[in-house]
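Visitor: Sequence isn't available, so here's the structure alone:
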C-alpha cells in the first residue's frame, strides 16, 4: 500500500493564503473594470448630450432666420463662407471633445493606478515579482530597467525583502499595478511594451515608462480617441525623433522571410 506524503502545515497555509490573495486581486480587478465601464458610458452620454444641445441651438437659430428672412436664408444655403465656417466649427468642437475625453481617461487611469499601487504595498516583494514574470511575461531585465536597478539586485529581492527600501517597494507596487491594468487593454502586456510606438523609430513603451507616465501609456494602449503615440512621446520624451530614429527597416524578402535593409529616406 502506497503511503500518502503529508503536506507540511506551513506550506499548506502558504498555499491557501496565496489563493486567497489571488482571489482578492481578481475581485478588485473586476470591480475596477466595472468602474471603468461605467465611467466610459457616463462620458459617452455626456458627449452625446453636448452634441445634441449644440445641434438644437443651431437648428433654433436657422429656423428663426428662415422665418424672419427667407431670402437671406436661401443665400446662406449656398454660401461657401458659411459652409467653411460650419466645418471649422465642427472640427474645433470634435477636437476639443476628444482632448477632454483624453484628460478624463487619464484622470481615471491615474486614480486606479494609485489605488491598486496602495493595495500592492501590503504584498510581499516576491509575490509581485512572480506576478510580473509569470502572469504578465515580463523579463527580469525589463523589470530591472523599469525599476532602475540591476538584474542581480532584483534576483536578491526574491530571496529576502531586507534589501528593498520603501521607495523601491513603492516603485515595484506601481509597476505591478501598471501591468495589471495594461492587461485589461492588450492581450500580451510584455509584448506591447516591447513594440515600436512609431514606424521608423526604435522607441518602445518600455523605453519611456515611469510611474508619472503610466496613465498616458494606458490611455494609448486603450486606443482612446484623442491620444496618439506621437503626442504621448512629445510630452514624455522630448527629442525622441532624434534619439530613436531607425536607420533600418524590416521588409519581406523574395523568399517570403522577413529581413532588414537600410531605410530609404524620403526627400
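Guide: Looks like it came in fine. Keep in mind that this is a model prediction, so the values were computed, not measured. Numbers count the residues shown, from 1 in each chain.
Visitor: switch to C-alpha atoms for all contacts and neighbour counts from now on
Guide: Noted.
Visitor: Give me the three-state assignment for residue 145.
Guide: When classified by DSSP: H, G, I helix; E, B strand; the rest coil, residue 145 comes out as helix.
Visitor: same deal with residue 261?
Guide: From three-state DSSP, the assignment for residue 261 is strand.
Visitor: Can you give me the distance of it to residue 200?
Guide: Remark: distance between residue 261 and residue 200 (C-alpha to C-alpha, to the nearest Å) = 12 Å.
Visitor: quick one, which of these two is more surrounded?
Guide: Between residue 261 and residue 200, counting by other C-alpha atoms under 10 Å, residue 200 is the more crowded of the two (17 against 10).
Visitor: my guess is that one contacts residue 243, does it?
Guide: No. Proximity of residue 200 to residue 243 does not meet the contact threshold set by C-alpha atoms under 8 Å, at 11.8 Å.
Visitor: hey, what's in contact with both of these two?
Guide: Counting by C-alpha atoms under 8 Å, 6 or more residues apart in numbering, residue 200 and residue 243 have no shared contacts at all.
Visitor: Might one say that residue 117 is in contact with residue 179?
Guide: No. Between residue 117 and residue 179 there is no contact under C-alpha under 8 Å: 10.9 Å.
Visitor: which of those two has more neighbours?
Guide: Set side by side, residue 117 and residue 179 show more neighbours around residue 179, with 24 against 20, by other C-alpha under 10 Å.
Visitor: Now do the contacts for the more buried one.
Guide: Neighbour list for residue 179: 132, 136, 189 [criterion: C-alpha under 8 Å, 6+ apart].
Visitor: What count of nearby residues applies to residue 241?
Guide: Counted with other C-alpha under 10 Å, the neighbours of residue 241 add up to 17.
Visitor: List the contacts of it.
Guide: Contacts for residue 241 were tallied using C-alpha under 8 Å, 6+ apart; they are residue 201.
Visitor: For this protein, which helix or strand comes out least confident on mean pLDDT?
Guide: Counting by mean pLDDT, DSSP states H and E, the chain has its least confident helix or strand at helix 70-77, which shows a mean of 56.
Visitor: Tell me which stretches of the protein form strands.
Guide: 248-252, 258-262 (DSSP state E).
Visitor: Narrow the contacts of residue 179 to those in helices?
Guide: Of these, the ones assigned to helices by DSSP state H are residue 189.
Visitor: Just give me the closest of the contacts of residue 179 to residue 157.
Guide: Ranked by distance to residue 157 (C-alpha to C-alpha), the contacts of residue 179 are led by residue 132 at 13.5 Å.
Visitor: ok, the closest one touching residue 177?
Guide: No. Applying C-alpha under 8 Å as the test, residue 132 and residue 177 come out as separate, 9.7 Å apart.
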